[in-house]
Structures are given as structure tokens and as C-alpha cells.
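> this is the structure alone, sequence omitted:
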């Protein structure tokens, strides 16, 4: 049998790979549940990751890892306002930096936060028009969600 009788602990690369896979599964599962509109999370995620700052500007490359709560605050024929509570981590400050490749004991720039996103409605589809909270100086648009 392959590997029979060997009881060795998993190495850090394997643990890191499983951790990232679990995060991806959570993120994908939430793609279909944002404010009751399938697929709406993708343009929100792209807009957030291109424009957001976290922790008073210390985290400059945040990644939206998953949504724990979404609520429609307002909706009319022109726009949709959605409040999200989400988990984030930073693509730069939350990566392994130790020579061994292991994760640092204390991880920087990860946590939970809330923001409000404004989604514009048009004939072309839904577009993220803006969000509250700390942001980078220039704004990069998110893709249009075709309906």
C-alpha cells in the first residue's frame, strides 16, 4: 500500500494548500448568495480588491475572502444599496515571509469588516458604482454583471 505505516505530520506547504482551498470554497459558495442576486458578489469583489484599503490604510492589497452577511438597504429603478459584512486578508502582508516558508506566528491584515456598496442598474446590467470606507486614490471599475 502506498504510504502504509508512515505516520508523519503534514508539512506546512500541505497545510497552507488545504487552508487556501477551504478559503476558495467559502468564497465560491458566497458568490451565489449576495443580496439575493446570483453572481452579484463577483463585481463587488473585483471593485473592493481594486479600490479598498483596510486597517487605516495599512493593508493596501485586501482580498475579499467571503461574505458572512448581506442586506439590501435600498433599491429603486436606478440603483441598489447593499451592506456586506465580510472577511478579508491582505495579499501582501498576509503571505509567508519566513525563510522556512511557514506562515508568521502573528498574521497581519486579516479580519472582518463591513461596507456599503452602491450598485447602478442600467440596460447593460449591474455595475458597482461605489463603496464607503477607506479607498485608494484612484478608482478602478468592476465588470458589468449582464442580466
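Alright, I've got the coordinates. Please read these numbers as outputs of a predicted model, since none were measured by experiment.
> run through the helices of this structure in chain order.
Along the chain, counting by DSSP state H, helices occupy 12-30, 41-51.
> avg pLDDT for the shortest one?
Okay, so that is helix 41-51. In this model, helix 41-51 carries a mean pLDDT of 93.
> and it, what's buried?
Residues of helix 41-51 classed as buried by neighbour count (16 or more other C-beta atoms under 10 Å): 41-49, 51. Just so you know, the C-beta spots here come from the backbone N, C-alpha and C atoms, and that holds for glycine as well.
> output the contacting helices and strands for that helix.
Packing partners of helix 41-51 (3 or more C-beta pairs under 8 Å, 6 or more residues apart in numbering; DSSP states H and E): strand 62-75, strand 110-122, strand 125-131.
> hey, which of those is tucked in deepest?
Comparing those on average neighbours per residue, with mean count of other C-beta atoms under 10 Å, the densest one is strand 125-131 at a mean of 19.
> what angle do it and helix 41-51 make?
Computed by axes from the mean of the first three to the mean of the last three C-alpha atoms, to 10 degrees, the angle separating strand 125-131 from helix 41-51 equals 40 degrees.
> no further questions, thank you.
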